[in-house]
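Peer 1: Provided below are the primary sequence and the corresponding predicted coordinates.
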Amino acid sequence: MATDNEPNDRSDVDVDVVVVGAGFAGLYMLHRLRGLGFSTVVLEAADGVGGTWYWNRYPGARCDIMSVDYSYSFDPELEREWRWSEKYATQPEILAYANHVADRYDLRRDIRFATRVERATWDAGDRRWRVITSAGAEIACRFYVMATGCLSLPKSIDIEGADRFGGEIYYTHHWPHGGVDFTGKRVAVIGSGSSGIQSIPIIAKQAAQMTVFQRTPNFSRPALNGPTPQAKLDAFKADRDAYRQAARLSPIGVPAPVTMVGALQVSEQQRRAVYEAAWNSGDLLPTTFADMPTSAEANETFCEFLREKIRSIVKDPATAEALCPRGYYYGTKRPCLDTGYFETFNLPHVRLVDLRRTPITTITNKGIQTTAGSMEFDAIVFATGFDAMTGAIVAVDINGRDGLSLKQKWAEGPKTYLGLTTVGFPNCFLITGPGSPSVLSNMMVSIEQHVDWVSDTLDYMRRAGLETIEPTGTAEAGWVQHVNDGADITLFPQASSWYMGANVPGKPRVFLPYIGGVDRYRKACDEVVEQGYLGFRFEGTGGARCNDGVIRRVQPDVTIVMEVIESLRLPPIESMSATTA
Ligand code: FAD
Ligand code: NAP
């Protein structure tokens, strides 16, 4: 199996489709387009496939959606031949899977590796995109697809003096391929999001001294990694089509119980039982109560339960208190699953620096200086996150109709129709773009749905003699409103999270994903098509047409989800009647 790939320096070409990115989205996009007979070139900055799983090689990196769910569903044969070794596969295993997919479907011959896309310009006269790469090549295409990932552009290091440090510097998102040996070293880790929480316990096992610089504590629960739960495997084996369909029609892209019960409708004893089950589930998104995303009072009961757990694990009371998340509600910043994270702070060589009390003033030649004093280190690890959802898209200089710059259009926040398209940029598609469920879901389900929608649309256009597609202003404005309305009834906008763009200085504070769930979202996308591509304008030899309008809210179909849940024999939360409180 090939893993390293030479840059492909073929001369300029004219193709049907250019896809940017060879992560799971780009790979499946290429496979689908090939199947439909569209000539396609994928341009990838890395020298291998896998995207997220190519770049993020830090110790402890693994998925936190179960691997059985976090895998392609488009080919039952692929599913049959691949066996995940654990409930949550490691980064090397997921990368091996991406490589297996690339080999199995012979995808590499149409991927140009080590090729960064720098500019894409719409040529209205020719009805083509002109794509300029870091190698100086120009590729013309009818359709331009950004499969650049929601979490692929690292946030710039915004700590003064970072370039002054004389020791070793590592970034979780760009880890050396050969690994790092921290044995005997004094190591600082800055950041306590998912990447920090996964890597800290493992780095601590090697380091002589370990200091964690934490700005905002995170809610994390034990991953309880191990073999995939037998009930899940059984449900999958019994009827894989029904299982996959249940995932597609579920709110988060994983079959899970749906509850209508509020946290304050049940007794404290019942509430605790649900929270204990969540703690012991080893599941990132266990079903708890219906009002968790919307009621501060309800949500706070879970927050306090989780803080109690931290206090029960971490022996030093001051450290435990500093690790307790406060000031935002559970789920409004991406929660984490860990393996021994809080326990790590009981080790004698590990200490926590609470940056809310003693902020970093500068990084020096020898270490890190806070308002409490200076500390010396041999190595600093930055686990400081990403310019999420929009960063990698606007990092490319994309210019649409009448020279409109996408970066300028989105200066006050992204505006899209369905998270897939944006006004002023004909024949340009975004895979899991802002305004789609993406990061609030099992990304594999969202990726497959977007890729299928785009592929089917291109096929439809070819058959109908249509050359360009662009959303209408009415449709886009309606969708943006719908996305904001959804977020505004929840607690999410209150948190300074990357969902809100709040982690990147100067980034507009806008809720980036669509919170209505993959089930409702899929229905909306399907309904757009059923209504003759509601909200899209087409032009071509087959004529010009426009079916202007706003997609209305749609309800999910939970029947099939419930059937699978029954087969999984998960506890039916609905049966917990409010009257028993
Ligand atoms: P990516 O995998 O990000 O791939 C995008 C590719 O585009 C990259 O290879 C990048 O190099 C390339 N690219 C970007 N810009 C350019 C350019 N201008 N020119 C050329 N190439 C470019 N999601 C889950 O659902 N479950 C999980 O458990 C999970 N775990 C995660 C763990 C980590 C550490 C991270 C960072 C994210 C995780 N995610 C998870 C989200 C993850 O990003 C998605 O699941 C998925 O891998 C995204 O695939 P993608 O192809 O859309 O994007
Ligand atoms: P992240 O969640 O954004 O965490 C970044 C951390 O760095 C935060 O604790 C942040 O603090 C801190 N930070 C940023 N800038 C800082 C500064 N200048 N000074 C001090 N601290 C600073 O990023 P991530 O951990 O890479 O995770 C990003 C997303 O990728 C996750 O939310 C998840 O979706 C995905 N992911 C998943 C997994 C998995 O388990 N499968 C693993 C890794 C990543 P603030 O919170 O105060 O900003």
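Peer 2: Thanks, I have it. Residues are numbered from 1 along each chain as shown. Ligands and ions are numbered 1, 2, ... in the order given.
Peer 1: and the stretch 251-400 of the chain, which residues reach ligand 2?
Peer 2: Arg334, Leu337, Leu355, Ala383, Thr384, Gly385, Phe386 (Cβ under 6 Å from any ligand atom). Yep, even glycine has a C-beta here, placed from its N, CA and C like the rest.
Peer 1: for Ala296, grab the count of nearby residues.
Peer 2: Burial measure for Ala296: 11 neighbouring residues, criterion other Cβ atoms under 10 Å.
Peer 1: out of the residues of the stretch 251-400 of the chain next to ligand 2, which comes closest to Leu43?
Peer 2: Comparing those against Leu43 with Cβ to Cβ places Phe386 closest, at 20.3 Å.
Peer 1: list the contacts for the residue nearest to the closest one when sequence neighbours are not counted?
Peer 2: Among residues not flanking Phe386 along the chain, Leu151 sits closest, at 4.6 Å (Cβ to Cβ, 6 or more residues apart in numbering). Taking Cβ atoms under 8 Å, 6 or more residues apart in numbering, we find Leu151 in contact with Thr52, Phe386, Ala388, Val439.
Peer 1: narrow those residues to those in helices?
Peer 2: Per DSSP state H, helices hold the following members of these: Thr52.
Peer 1: can you tell me which of the contacts of Leu151 is nearest ligand 1?
Peer 2: When these are compared for distance to ligand 1 (Cβ to the nearest ligand atom), Thr52 wins out at 3.6 Å.
Peer 1: over to the closest residue to Phe305 other than its chain neighbours. Which of the three states is it?
Peer 2: Spatial nearest neighbour of Phe305, chain neighbours left out: Tyr275 (4.4 Å); criterion: Cβ to Cβ, 6+ apart. Secondary structure, DSSP: H, G, I helix; E, B strand; the rest coil: Tyr275 is helix.
Peer 1: do Pro434 as well
Peer 2: Per three-state DSSP, Pro434 ends up coil.
Peer 1: which residue packs closest to it, ignoring adjacent ones?
Peer 2: Pro414 (3.9 Å).
Peer 1: same question for Gly262.
Peer 2: Using Cβ to Cβ, 6+ apart, the closest residue to Gly262 is Asp291 (4.3 Å).
Peer 1: where's the one you found relative to Asp485, distance?
Peer 2: Noted for Asp291: a distance of 18 Å to Asp485, by Cβ to Cβ, to the nearest Å.
Peer 1: who's more crowded, these two?
Peer 2: Applying other Cβ under 10 Å to Asp291 and Asp485 shows that Asp291 carries more neighbours, namely 18 against 12.
Peer 1: am I right that that one is in a strand?
Peer 2: No. Assignment of Asp291 by three-state DSSP gives coil, placing it outside any strand.
Peer 1: pretty sure Ser446 sits against Arg522.
Peer 2: No. Ser446 is not in contact with Arg522 according to Cβ atoms under 8 Å; the separation is 9.2 Å.
Peer 1: which of these two has more residues huddled nearby?
Peer 2: It is Ser446, of Ser446 and Arg522, that has more neighbours when counted by other Cβ under 10 Å, with 28 against 22.
Peer 1: what about the host helix or strand of the more buried one and ligand 2, touching?
Peer 2: Assessed by DSSP states H and E, Ser446 sits inside helix 443-464. No. Contact of helix 443-464 with ligand 2 (Cβ under 6 Å from any ligand atom) is absent, the minimum separation being 8.8 Å.
Peer 1: buried ones only from the contacts of Leu151, please, as a ChimeraX command.
Peer 2: Here is the ChimeraX command that selects the buried residues among the contacts of Leu151 (16 or more other Cβ atoms under 10 Å):
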select :52,386,388,439
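Peer 1: what parts of the protein come near ligand 1?
Peer 2: Counting by Cβ under 6 Å from any ligand atom, the residues of the chain near ligand 1 are 20-26, 43-46, 51-52, 54, 56, 61, 63-65, 70, 116-117, 147-152, 195, 392, 396, 431-432, 442-443, 447.
Peer 1: now list the buried members of those.
Peer 2: 20-26, 43-46, 51-52, 54, 56, 61, 63-65, 70, 117, 147-152, 195, 392, 396, 431-432, 442-443, 447.
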